[in-house]
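**Q** Fold the stuff below for me.
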Amino acid sequence: MPSQTDYLRRLPPTITGTVVSSTQHALVLNSSDGDQVTFDMDSRTMVPQDMTEGRMMRVEFNTMDSGHFLAKRVTPIYSEVVGQPLTSMRTDIDEHVRAGDENAAQAEEQRLKKRI
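**A** Coordinates of the predicted model:
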């Protein structure tokens with residue numbers, strides 16, 4: 001009999017990040033962990049119409065035998081305001097850092113972590 005958590009092993013891996021670039025055959029994201037990840041896409045990959053640079057996306061993917069990542073589904077992440085696309089969460093933090101306000105930058109980072 002399967003355990004109650006067996007379904008977790010069947011779920012495809014996902015990654016969340018900001019779009020760096022996209023073409024018909026590839027998507028490049030800056031991940032939430034700070035890594036830049038390239039995904040191959042094929043005719044079966046489900047993608048939104050708008051994958052502009054800076055948009056936050058969630059990518060479900062498979063790892064191919066070659067070691068490349070094949071995107072299965074790309075989903076935009078929206079903010080709490082219905083229908084408003086989320087851009088990079090680092091933007092507000094970076095603005096505080098440029099202004100020399102480290103306390104505000106840390107507070108903004110904590111606020112954003114609570115939203116995720």
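**Q** contacts, neighbours, all on C-alpha from now
**A** Fine.
**Q** Could you list the low-pLDDT ranges of this structure?
**A** The chain contains residues with pLDDT under 70 at 1-11, 79-116.
**Q** cutoff 80 now
**A** Counting by pLDDT under 80, the ranges of the chain that qualify are 1-12, 78-116.
**Q** need the helices for it, in chain order.
**A** Ranges of helices in the chain, per DSSP state H, are 6-10, 90-98, 102-115.
**Q** And the chain, what are its domain boundaries?
**A** Using automatic domain parsing, the domain parsing of the chain gives 11-85, 88-116.
**Q** How about residue 28: which residues does it bridge to?
**A** Beta bridges link residue 28 to residue 21, residue 38 when assigned by DSSP bridges.
**Q** so it sits right up against residue 36, yeah?
**A** Yes. If you go by C-alpha atoms under 8 Å, residue 28 and residue 36 touch, sitting 6.9 Å apart.
**Q** Name the residue in those two with the higher neighbour count.
**A** Neighbour comparison, residue 28 and residue 36: the larger count goes to residue 28, with 18 against 14 (by other C-alpha atoms under 10 Å).
**Q** residues in contact with the more buried one?
**A** 19, 20, 21, 22, 36, 37, 38, 39 (C-alpha atoms under 8 Å, 6 or more residues apart in numbering).
**Q** Which pair of those spans the longest distance?
**A** 22 and 36 (12.9 Å; C-alpha to C-alpha).
**Q** residues contacting residue 45?
**A** Residue 45 neighbours (C-alpha under 8 Å, 6+ apart): 71, 72, 73, 74.
**Q** if I read this right, the second one contacts residue 63, doesn't it?
**A** Same thing as residue 72. No. Residue 72 is not in contact with residue 63 according to C-alpha under 8 Å; the separation is 10.4 Å.
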